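Student: Here is a sequence with its predicted model. Questions after.
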Amino acid sequence: MFLKILFLSIIFGVTQKLADAVNEHNVNLFKNSNWFFGILFGLSGGFLSIHNSSFAIYFFCLVCYWLIKNKLDYQNHQISAMIILFFVIFHSELRYLFTESIIVFLLFLILDFLSKKIKSKKVNLFIFKMRFVLISLLVGFLNNDYYLPFSVFLTILSILYTTKYLKSNFNYLE
């Protein structure tokens, strides 16, 4: 189980960053790489989401947050979100966890709002970079699941290292 979460979290982070890079920054790795990374991004997120109810809640709320914040601006992002939602809806017990899902979704929105309103750059940077880990810690704590924060932290690390790789090898600019 640990190795599965480790593997899927890294794949989720790397493919999420590559799906962004292909569309937003014109990093063309190979023909149809946008579709490849979008589908792999969705599948890895989908398989993570069915691990248990904590993962299902987190990924369901994450996709809702992306939708509200207009982060699904390219077709490969939309496909990945649909794949994740398909897994959550058809392979989890999310329908029994509606109240907790609403609270987690509101936390995404509140932390996003705070990151825009707080004037301190240090506090703002912390909230902006760590909000996903903070929310996963809360969901994990409420459900006695410590794999979720580990998975989210590993995903963020893989995104950061993929960004570093793209910057050094593809003249990638954020």
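Tutor: Here it is on my side, so go on. Numbers count the residues shown, from 1 in each chain.
Student: where does the chain have low pLDDT?
Tutor: 94-96, 174 (pLDDT under 70).
Student: Please identify the buried residues of the strand or helix carrying residue 168?
Tutor: Per DSSP states H and E, residue 168 falls inside helix 147-170. Buried residues in helix 147-170, counted by 16 or more other C-beta atoms under 10 Å: 147-156, 158-159, 162, 166. C-beta: built from backbone N, CA, C; applies to glycine.
Student: Could you dump the residues you listed into JSON lines and include distance to residue 76?
Tutor: Shown next, in JSON lines, are the buried residues of helix 147-170 (distance: C-beta to C-beta, whole Å):
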{"residue": "147", "distance to residue 76": "27"}
{"residue": "148", "distance to residue 76": "25"}
{"residue": "149", "distance to residue 76": "27"}
{"residue": "150", "distance to residue 76": "27"}
{"residue": "151", "distance to residue 76": "22"}
{"residue": "152", "distance to residue 76": "22"}
{"residue": "153", "distance to residue 76": "25"}
{"residue": "154", "distance to residue 76": "22"}
{"residue": "155", "distance to residue 76": "18"}
{"residue": "156", "distance to residue 76": "20"}
{"residue": "158", "distance to residue 76": "18"}
{"residue": "159", "distance to residue 76": "16"}
{"residue": "162", "distance to residue 76": "16"}
{"residue": "166", "distance to residue 76": "16"}
